[in-house]
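> need a structure here:
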Amino acid sequence: MSKSAFRGQWRSVVALVSASPRRFASTVMVGLLVLAAVAGPATPARADGETWTAQAPAEANSWVSVAYGNGLWVAVAASGTNRVMTSPDGITWTPQAAAEANSWVSVAYGNGLWVAVAYDGTNRVMTSPDGITWTPQAAAEANSWYSVAYGNGLWVAVAYDGTNRVMTSPDGITWTARPPPKPTAGARWRTGTACGSPSPTAGRTR
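This is a model prediction of the structure:
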């Protein structure tokens, strides 16, 4: 499929290249469809982001963010019945129940834990050890949380609105509100990432 074959509202992209002897690369985009470019033992050419194959999502939800960790792809949605879907290869997807019917807009993996954040709902954080079973967690403040990332032993989430638009957590469960830098105190934060984390993370952008 050419780069311009689909012009959907793509929201998130993650790239993975493992260091194993069997080199495997995969890129997944989440939007109205799921696209994957895969290279492995049977297709030694690397996935370069130019050749895409449409894959069916688990459900026709508004998928917003995707991340990879511990051998699993996990995507979250802002609407739909089952607002999480998982895949071992980025191609075949299985629906999973979210902790709450919130608008989940960012998911990340780090330190053996999946964490997702939402911009609405009662508990705007949810965690999972396996990407399948999710537990609601209280956010530091009832802000519109748009992105979460893990790095250097710390979870960090940023928000689009609210008083303290940054929150941090050592374990993804207990969160502490942090004021943003003073020169940008009114900024509407939408995405964040981490350098040196054990796996790629993706935040929502638009």
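
> make it CA atoms for all contacts and neighbour counts henceforth
Noted.

> ok, residues contacting stretch 128-136?
When contacts are defined by CA atoms under 8 Å, 6 or more residues apart in numbering, stretch 128-136 is touched by residues 72, 74, 86, 96-100, 112-115, 123-127.

> how long is that stretch from one end to the other?
Using CA to CA, to the nearest Å, one end of stretch 128-136 lies 9 Å from the other.

> any low-confidence regions in this protein?
1-51, 181-206 (pLDDT under 70).

> where exactly do the helices run in it?
Using DSSP state H, no helices are found in the chain.

> on that earlier part again, need the buried ones from the contacts of stretch 128-136 selected in PyMOL.
Per 16 or more other CA atoms under 10 Å, the buried members of the contacts of stretch 128-136 correspond to this PyMOL selection:
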select buried, resi 74+86+96+98+99+100+113+114+115+123+124+125+126+127
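
> among the contacts of stretch 128-136, which ones are in strands?
72, 74, 86, 96, 113, 114, 115, 125, 126, 127 (DSSP state E).

> was I right about the second one contacting residue 91?
I take that to be residue 74. No. The criterion here is CA atoms under 8 Å, and residue 74 misses it with residue 91 at 11.6 Å.

> CA-only coordinates of stretch 66-80 in PDB, if you can.
The C-alpha trace of stretch 66-80 is given here as PDB (Å, rounded to 0.1, in the frame of the first residue of the first chain):
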ATOM      1  CA  VAL A  66      -0.600   2.500  20.800                       C
ATOM      2  CA  ALA A  67       2.500   1.200  22.500                       C
ATOM      3  CA  TYR A  68       4.700  -1.900  22.700                       C
ATOM      4  CA  GLY A  69       6.100  -3.700  25.700                       C
ATOM      5  CA  ASN A  70       7.000  -7.200  26.900                       C
ATOM      6  CA  GLY A  71       6.100  -8.800  23.600                       C
ATOM      7  CA  LEU A  72       2.700  -7.200  23.300                       C
ATOM      8  CA  TRP A  73       1.100  -4.300  21.400                       C
ATOM      9  CA  VAL A  74      -1.600  -2.400  23.300                       C
ATOM     10  CA  ALA A  75      -3.900   0.300  21.900                       C
ATOM     11  CA  VAL A  76      -6.500   2.400  23.800                       C
ATOM     12  CA  ALA A  77      -9.600   4.200  22.500                       C
ATOM     13  CA  ALA A  78     -11.600   7.200  23.400                       C
ATOM     14  CA  SER A  79     -14.900   5.500  22.700                       C
ATOM     15  CA  GLY A  80     -16.500   2.100  22.100                       C
END
